[in-house]
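1. mind folding the following:
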Amino acid sequence: MPDLDFALLRRHPDIEAENLFAHDAADRLLLDSAAEALAEAAPGQLAVIGDHYGALVLGAAARHGMAGIRVHQDPLSGELALAGNARAAGLEHAYASLPLDAELLAGASVVLLRLPRSLEALEEIAWLIAAHADPAVQVFAAGMVKHMTLAMNEVLGRHFASVAAGLARQKARVLTVAGPLPGADPAFPVEASYDVGLPQPLRLRAYGATFGGAKLDPGTRFLLPQLAHARAADAAVDLGCGNGSIAAYLALSRPQLKILACDQSASAVASTAATAAANGVAGRVDVLRDDALSAQPDAAAQLIVLNPPFHVGATVHAGIALKLFADAGRVLAPGGELWCVWNSHLRYRPQLERLVGPTRQVARNPKFTVTVSTRP
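-> Predicted coordinates:
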């Protein structure tokens with residue numbers, strides 16, 4: 001079969017820019033390192049985890065004619081990009097997207113894994129592979145060397161008898177892993193509690209790939225008490241909900257409020273649902289995996305709260321924050337408010353003025369700024 005032309009892969013609907021790419025040397029090295037195992041695998045025995053934009057799934061399908069590939073991508077943008085790239089390559093029937101669970105890995109003889117930067121995410125993935133894949137499974141785990149640490153080998157070593165590092169190529173490296181070990185149930189979701197001035201501690205729960213885990217982000221901690229000054233509303237949106245700290249706080253501090261919590265991360269959505277349940281507010285917090293606010297109609301929201309990321313994957317980039325600002329501006333009704341906390345050095349106020357509306361500073365400390373932007 002013809003090889004995949006990596007140059008034709010796109011990141012869309014994720015941020016696209018000259019310094020952001022839809023594939024890298026780790027994808028190519030991973031496919032080359034696993035070539036023999038992929039050639040011998042039967043249909044339906046390949047699982048792929050963490051494929052950024054489809055290079056691994058489509059590379060395996062194009063090079064080896066593989067079908068029935070099971071894939072999990074935590075970001076919805078990656079899942080949508082894979083779908084678009086698969087249609088362009090005529091390979092849309094070669095794979096199925098699945099949650100990170102037993103069905104994804106049941107009986108898999110080969111697993112291709114892009115190493116996550118979070119050790120907690122790797123712990124959860126490693127346990128699931130060891131627990132549910134074929135006992136003879138071969139795992140090929142790759143990353144760029146600058147993002148890899150010996151702690152990753154240690155995590156994998158807790159769940160597999162063999163972890164071997166290959167030679168680096170173009171600043172990428174593959175770990176070959178085999179021999180699943182029996183283990184106890186994983187400690188996910190993890191949980192932590194915080195005093196945030198409410199009658200009861202705020203309980204946060206998080207699965208492995210949720211950014212920041214079950215920690216209360218310092219910017220969010222600074223933002224929460226300022227929300228007492230937000231406009232009255234029947235409903236609010238926690239945009240980029242992460243571990244659900246903002247959604248749960250709003251539900252606890254405003255008992256009549258209905259909250260929509262959305263994030264493109266499957267792990268974050270699951271974590272927010274778990275956090276809402278831990279705080280007894282699951283009935284008032286709806287969770288949704290969404291690309292920004294793409295599922296929401298124009299001019300419909302009264303109140304949106306946002307602590308935007310300042311990175312795209314491993315790259316510091318303002319594009320994702322600007323995308324979230326623009327979507328918030330579209331979804332807010334006239335008079336609706338976007339409450340936002342951001343690292344002060346990023347100076348987002350002009351962009352908020354342009355994309356949402358008149359913006360004023362509510363609070364500031366040495367590191368963070370809280371603003372409210374009102375839709376005209």
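2. what is the mean pLDDT for the longest strand that the chain contains?
-> Looking only at the chain and at elements set by DSSP state E, the strand with the highest residue count is strand 332-343. Mean per-residue pLDDT for strand 332-343: 97.
3. could you pull out the buried residues of the helix or strand following it?
-> Next helix or strand after strand 332-343 toward the C-terminus (DSSP states H and E): helix 349-355. Within helix 349-355, the residues scored as buried using 16 or more other CB atoms under 10 Å are R349, Q351, L352, L355. C-betas here are computed from N, CA, C, even on glycine.
4. ok, now stretch 190-205?
-> For stretch 190-205, burial by neighbour count (16+ other CB under 10 Å) applies to V190, Y194, V196, L202, R203, L204, R205.
5. got any ranges where the stretch 51-200 of the chain has weak pLDDT?
-> For the stretch 51-200 of the chain, no stretch has pLDDT under 70.
6. what are the buried residues along the longest strand of the chain?
-> By neighbour count on 16+ other CB under 10 Å, the buried set for strand 332-343 is L332, G336, E337, L338, W339, C340, V341, W342.
7. now those as TSV including distance to R375?
-> Supplementary listing: these in TSV, determined by distance: CB to CB, whole Å:
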residue	distance to R375
L332	4
G336	5
E337	8
L338	8
W339	12
C340	13
V341	19
W342	18
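8. ok, which pair from the residues you listed is furthest apart?
-> Farthest-apart pair in the buried residues of strand 332-343 is G336 and W342; separation 19.0 Å (CB to CB).
9. domain assignment for this structure?
-> Structural domains assigned to the chain are 6-180, 190-374, following automatic domain parsing.
10. so where do the strands sit in the stretch 251-376 of the chain?
-> 258-263, 285-289, 301-306, 311-312, 315-316, 332-343, 359-364, 368-374 (DSSP state E, counting those that start in this stretch).
11. Serialize the ones you listed to a markdown table and add fields for distance to E154.
-> Converted to a markdown table, the strands of the stretch 251-376 of the chain look like this (distance: least, CB to CB, whole Å):
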| stretch | distance to E154 |
| --- | --- |
| strand 258-263 | 29 |
| strand 285-289 | 31 |
| strand 301-306 | 36 |
| strand 311-312 | 25 |
| strand 315-316 | 26 |
| strand 332-343 | 32 |
| strand 359-364 | 41 |
| strand 368-374 | 34 |
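12. so which of these comes closest to G54?
-> Among the strands of the stretch 251-376 of the chain, strand 311-312 comes nearest to G54, with 16.7 Å by CB to CB.
13. just the buried residues of stretch 190-205: which are in helices?
-> Judged by DSSP state H, the subset of those located in helices is empty.
14. farthest-apart pair in those residues, please.
-> Maximum distance among the buried residues of stretch 190-205 (CB to CB): 18.4 Å, for V190 and V196.
15. alpha carbons only: can I get stretch 42-62 in CSV?
-> Extracted C-alpha coordinates of stretch 42-62, given in CSV (Å, rounded to 0.1, in the frame of the first residue of the first chain):
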residue,chain,number,x,y,z
ALA,A,42,-4.0,-9.4,13.3
PRO,A,43,-6.9,-7.0,12.4
GLY,A,44,-8.3,-5.4,15.5
GLN,A,45,-5.2,-6.1,17.7
LEU,A,46,-3.7,-2.6,17.5
ALA,A,47,-4.5,0.1,20.0
VAL,A,48,-3.1,3.7,19.7
ILE,A,49,-3.0,6.1,22.6
GLY,A,50,-2.1,9.8,22.4
ASP,A,51,-1.8,10.1,18.6
HIS,A,52,-1.7,13.9,18.2
TYR,A,53,-3.3,14.4,14.8
GLY,A,54,-3.5,11.0,13.2
ALA,A,55,0.1,10.3,12.0
LEU,A,56,0.2,7.0,14.0
VAL,A,57,-3.2,5.6,13.1
LEU,A,58,-3.0,6.6,9.5
GLY,A,59,0.6,5.6,9.1
ALA,A,60,-0.2,2.1,10.4
ALA,A,61,-3.2,1.8,8.2
ALA,A,62,-1.4,3.1,5.1
